[in-house]
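Trainee: Quick one, what's the 3D model for this:
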Amino acid sequence: MNENAAILLDLAVGSRFRVKSLGKHSKRLEGRTGRVVGFAHTKNALRVILDGHKHPQTLHRSYLEPLVETAS
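Mentor: Next up is the predicted model:
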């Protein structure tokens, strides 16, 4: 299994993520967190809601890294 397939499996609906640092391409989104709410029409994109936002947006899966949630 390649790295992209592993990332897609880790990012299921309802899972938390952080936007990766991708240089100048994502300065506005860099470091933000949110939740996956669905899949886009292509296999390379996910529908997400960023924390503090009301409406979902579509982001390429390479921009996202899963967050490990700890039980409290």
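Trainee: okay, CA-based contacts and neighbour counts for the rest of this
Mentor: OK.
Trainee: Quick one: the strands in the chain, in order.
Mentor: 16-19, 33-39, 45-50, 57-60, 64-66 (DSSP state E).
Trainee: Lys27: which of these is closest?
Mentor: Across the strands of the chain, Lys27 has its closest neighbour in strand 16-19 (9.9 Å, Cα to Cα).
Trainee: residues in contact with the closest one?
Mentor: Residues outside strand 16-19 that contact it (Cα atoms under 8 Å, 6 or more residues apart in numbering): 11, 29-36, 63-69.
Trainee: Now for those: which two are most distant?
Mentor: Leu29 and Glu69 (20.6 Å).
Trainee: Neighbour count: the two, which is higher?
Mentor: Higher neighbour count among Leu29 and Glu69: Leu29, with 15 against 9, using other Cα atoms under 10 Å.
Trainee: mind checking how far the more buried one is from Val36?
Mentor: Distance, Leu29 to Val36, using Cα to Cα, to the nearest Å: 15 Å.
Trainee: Check Val48 too.
Mentor: From Val48 to Val36 the distance is 4 Å (Cα to Cα).
Trainee: Which of the contacts of strand 16-19 has the largest number of neighbours?
Mentor: Leu64 leads those on contacts (other Cα under 10 Å) with 25 neighbours.
Trainee: Spell out for me which residue occupies the centre of this structure.
Mentor: Central residue of the chain (Cα atoms, centre = their mean): Leu64, 3.8 Å from the mean position.
Trainee: Return the residues in contact with it.
Mentor: Counted by Cα under 8 Å, 6+ apart, Leu64 has contacts 17-20.
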